[in-house]
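1. coordinates only, sequence not included:
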């Protein structure tokens, strides 16, 4: 029964993606482009060469982390919409370690930088979580506002106290060499962070699906009355989920610094946390789904740039496609009933026909 | 013979894993009150939802006034003059009565604006015609359940319904409200020529109200008979398919030991009003202490205080000599207290979770179900759940379906299975058989008595006086947040206890204390 449900969901997910790609094709046609060339260029761009594949996976890294972050918080029924802010603070924390303790070897320095980002992101999420469970202050509003605070704060920091000496470019100095995660494929930004992300994904899957903590988080999100009645410490679980969520976003920021830019930049994230949230919504907070959907989103992002270069179709089209997927998924249950009743009718008509004949 | 208004022919409805209706044929005559009874999960509601267009039958036909019709949506049903009042009301709490009644068929001033004054006058008109008193301007959220039901009925009538389906209308009503409702139904049928189909599983109601009764069991129609030819016994046997005897439950003497002491508890309800005004009593092992009272006199709040779900403002709760006032639910559970909550949907289970997930709560971090309290072990969990499902006769296609797929009685058995499997020495049981069918009631009662005979102390809160009388060793009455009397088993009649439940009499009957008439 559960498996049946999952299969049903996978089918609707597949159909949603297909439908949005078709709509994308119509948009291309309406603009006088050939959708076949467009999509071929997209796929080529995402997977056509070693470099392209590497870039796709490089783009996947932050999405997996922010997607998992959203999953754990949404599962527990507390909504962390502040991932972007936590990511910025985490990134800045890692950069700060990287430019301060320049003589540390990587084996000490990298964990230290990650710890700093994890703590920064986690603490930044702890604050709204406490407001929520203590005073019932809406965490959605608080976390959204804290995004702006974090982005502007770090922007100030890197333009004034921590501005790099080669001029005000809105970034810190380059972090010490020991902190720089090595690149895996020439020219691409794919780096060893992907291995860390693989480990984190496995841990998160285990935590959410196989442990009593994951079970409690799920129950709290589904029915907090029931959970409290059953002896679960609802507040503690909500805070835990929120802090882990913030920490994951912080780590996502750290990897942008340690693996991609080697410094903190004031616009370091083009909205990774928001994309992660979309991903988690699409796959209904399933950790495996987050990983797969992140790869898909990474491929779309990478491919769209090649597509624009090769065919002139603007890469923004991909954002349109992503949004349409969400629309379809949001309407999933509605579509499902329509289709089912249509099929049931067809069967009834057919049966009646047989009877008359 | 009366005109056949609706004929259902060979209706079959297949849900994944469950055959909800199996070739059911039924006819409804004009101007009758037709009761459909059956245990939970017998397929009564499904059948009516098919008639109302909420479900499509897998096969079978519906005839209306002799002509075949296809009812695909409730709109089709409404066009035919069929209206349905659901078990769970479908009202907008923040709207006024008038707004709710005209919802969907709003009178308009122009294209965009609703004519509220017209809505009020429509409501007043309806209210007068049908003799159902309501205040058109009151907000629905501030009204009692009985009144809300009245609004639902008016809403259906406003849409021009001639055939009204009532799905378990009395499940949420007090005895007085039920009486009121029956008067209304009789008026609708006798004076206004409407036809009423009522789904229920309360036999007395069927006998008191209906003209004909159809009995369903496990998706099939067992038979339709004239109510005047039926007795409670006949109907009960048809429902469960065997003889039902509410036999005397077997009690054995168990050593009595005080395990729960409640002193001077004061607490407020959700609206901030004083719901408990100093409640004191003791509970002993090996006894069932029944709390009798009209609903809303503080019973719910009392249970919540005892289980840690509500804060007491004054007073103390001692569990086996340990101070337990205002402790967290978890701490109270750890002291050996299990709780069957009165509202199983809101508190007793999670509808979206699977049966396994629902039944493992409380064990999910204990050995051997979780190694070191963290790693959950699938195999022992599944084994435990399937054993409990079998032991407590929870009828479900599998343990992986979500709880919302179960019928009310099976949901309750699931909750009871979980709570009774904790081996707690104190059981706090609220409305254990509300909305549960006869077969399950008997089963649940026997489980409760079994626990008592094993030495558990049981606090039973129930709005069903028969249940209180059948199970309790001792009864206390509660009225407006105060205890008004305490009686030993068989020391008092139902009629007399009513006086204490309504506050007309006060005082203990034990030890020669004089009754105090007010």
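-> Great, that's in hand. What you see is a predicted model; the values in this text were computed from it and never measured.
2. show me what whichever strand or helix holds residue B:119 is packed up against.
-> Using DSSP states H and E, the element containing residue B:119 is helix B:116-130. Using 3 or more C-beta pairs under 8 Å, 6 or more residues apart in numbering or on different chains; DSSP states H and E as the contact criterion, the elements in contact with helix B:116-130 are helix B:97-102, helix B:145-158, helix B:175-190. C-beta coordinates here come from the backbone N, C-alpha and C atoms, glycine included.
3. if you compare those, which one is most tucked away?
-> Stretch with highest mean neighbour count among those: helix B:97-102 (a mean of 25; mean count of other C-beta atoms under 10 Å in any protein chain shown).
4. for it, name the packing helices and strands.
-> Using 3+ C-beta pairs under 8 Å, 6+ apart: helix B:97-102 touches helix B:116-130, helix B:145-158.
5. tilt between the helix holding residue B:119 and helix B:175-190?
-> 80 degrees (axes from the mean of the first three to the mean of the last three C-alpha atoms, to 10 degrees).
6. tally of neighbours for the closest residue to chain A within the stretch 1-150 of chain B?
-> Residue nearest to chain A within the stretch 1-150 of chain B (C-beta to the nearest C-beta): residue B:56, separated by 5.1 Å. Using other C-beta atoms under 10 Å in any protein chain shown, residue B:56 has 18 neighbouring residues.
7. same question for residue B:464.
-> Number of residues near residue B:464 (other C-beta under 10 Å) recorded here: 16.
8. so who does it touch?
-> Shown in contact with residue B:464 (C-beta atoms under 8 Å, 6 or more residues apart in numbering or on different chains): B:431, B:433, B:434.
9. where's it relative to residue A:16, distance?
-> Separation of residue B:464 from residue A:16 (C-beta to C-beta, to the nearest Å): 49 Å.
10. quick one, phi psi at residue B:226?
-> phi -70, psi 140 (degrees, to the nearest 10).
11. beta partners for it?
-> residue B:212 (DSSP bridges).
12. what's the average pLDDT for the strand or helix carrying residue A:109?
-> Assigned by DSSP H and E, residue A:109 belongs to helix A:106-135. Averaging pLDDT along helix A:106-135 gives 96.
13. with stretch B:437-457 instead?
-> On average, stretch B:437-457 scores 89.
14. work out the gap between it and the centre of the chain.
-> 18 Å (C-alpha atoms, centre = their mean, to the nearest Å).
15. buried ones in it, by neighbour count?
-> B:437-445, B:447-449, B:451-452, B:455-457 (16 or more other C-beta atoms under 10 Å in any protein chain shown).
16. next step: those restricted to strands.
-> residue B:457 (DSSP state E).
17. from the buried residues of stretch B:437-457, which land in helices?
-> If you go by DSSP state H, the buried residues of stretch B:437-457 have B:438-445, B:447-449, B:451-452 in helices.
18. mind putting these into JSON lines with distance to residue B:111?
-> Conversion of these to JSON lines gives the following (distance: C-beta to C-beta, whole Å):
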{"residue": "B:438", "distance to residue B:111": "54"}
{"residue": "B:439", "distance to residue B:111": "55"}
{"residue": "B:440", "distance to residue B:111": "53"}
{"residue": "B:441", "distance to residue B:111": "54"}
{"residue": "B:442", "distance to residue B:111": "59"}
{"residue": "B:443", "distance to residue B:111": "58"}
{"residue": "B:444", "distance to residue B:111": "56"}
{"residue": "B:445", "distance to residue B:111": "59"}
{"residue": "B:447", "distance to residue B:111": "60"}
{"residue": "B:448", "distance to residue B:111": "60"}
{"residue": "B:449", "distance to residue B:111": "65"}
{"residue": "B:451", "distance to residue B:111": "64"}
{"residue": "B:452", "distance to residue B:111": "66"}
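19. kindly reformat those residues as TSV containing distance to chain A.
-> Shown next, in TSV, are these (distance: C-beta to the nearest C-beta, whole Å):
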residue	distance to chain A
B:438	27
B:439	25
B:440	21
B:441	23
B:442	26
B:443	23
B:444	19
B:445	23
B:447	20
B:448	19
B:449	25
B:451	19
B:452	23
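20. and the helices and strands packed on helix B:97-102, which one averages the lowest pLDDT?
-> Of all the helices and strands packed on helix B:97-102, helix B:145-158 has the smallest average pLDDT, which comes to a mean of 87.
21. got the angle between that helix and helix B:116-130?
-> Using the same axes, to 10 degrees: helix B:145-158 against helix B:116-130 is 100 degrees.
22. about what we covered before: name the element the residue of the stretch 1-150 of chain B closest to chain A belongs to?
-> With DSSP H and E as the test, residue B:56 turns up in no helix or strand.
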